[in-house]
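1. Return atomic coordinates for the entry below.
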Amino acid sequence: MRIQQLLPTFEFVKAIHPSAQIGKSVTIGNGTVLMANAVVNSHTSIGDHCIINTKSSIDHDGCLHNFFTVAPGATLAGSVSIGGHSVISMGTKRYS
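-> Numbering: from 1, shown residues only. I've put the predicted structure just below:
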């Protein structure tokens with residue numbers, strides 16, 4: 001990334017809305033944003049620079065890679081793995 005080339009020690013923050021619900025053993029990458037009422041259940045891994053939008057839900061044991069976006073209201077079932085640079089559109093229901 002260009003920012004890291006210019007400022008090698010720059011650290012991207014995680015922005016998590018107070019109403020977001022995060023289960024135990026969840027990992028959230030740098031530069032990732034969790035919006036209002038987002039739900040991320042246990043043992044889920046979210047990569048760097050992702051957006052988990054308003055009222056979206058990611059169930060247990062999921063793996064979302066870097067630069068991933070979940071649109072408002074989308075639902076991902078348990079054990080779903082989705083590659084980086086992907087978008088799950090509004091209202092989508094994705095089951096394993």
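2. Who does residue 33 form a beta bridge with?
-> For residue 33, the beta-bridge assignment (DSSP bridges) gives partners residue 15, residue 51.
3. Sorry, slip of the keys, the one I care about is residue 64.
-> residue 46, residue 82.
4. OK, contacts around it?
-> The contact partners of residue 64, by Cβ atoms under 8 Å, 6 or more residues apart in numbering, come to 44, 45, 46, 47, 50, 58, 70, 76, 81, 82. For every residue, glycine as well, the C-beta is placed using N, CA and C.
5. Could you give the number of residues near the second one?
-> The criterion is other Cβ atoms under 10 Å. On that basis, residue 45 has 16 neighbouring residues.
6. likewise the fourth one?
-> As a burial measure, residue 47 scores 20 neighbours (other Cβ under 10 Å).
7. Over to residue 38?
-> Other residues near residue 38 come to 23 when the count uses other Cβ under 10 Å.
8. Okay, it and residue 66: tell me how far apart.
-> Distance of residue 38 to residue 66, computed by Cβ to Cβ, to the nearest Å: 18 Å.
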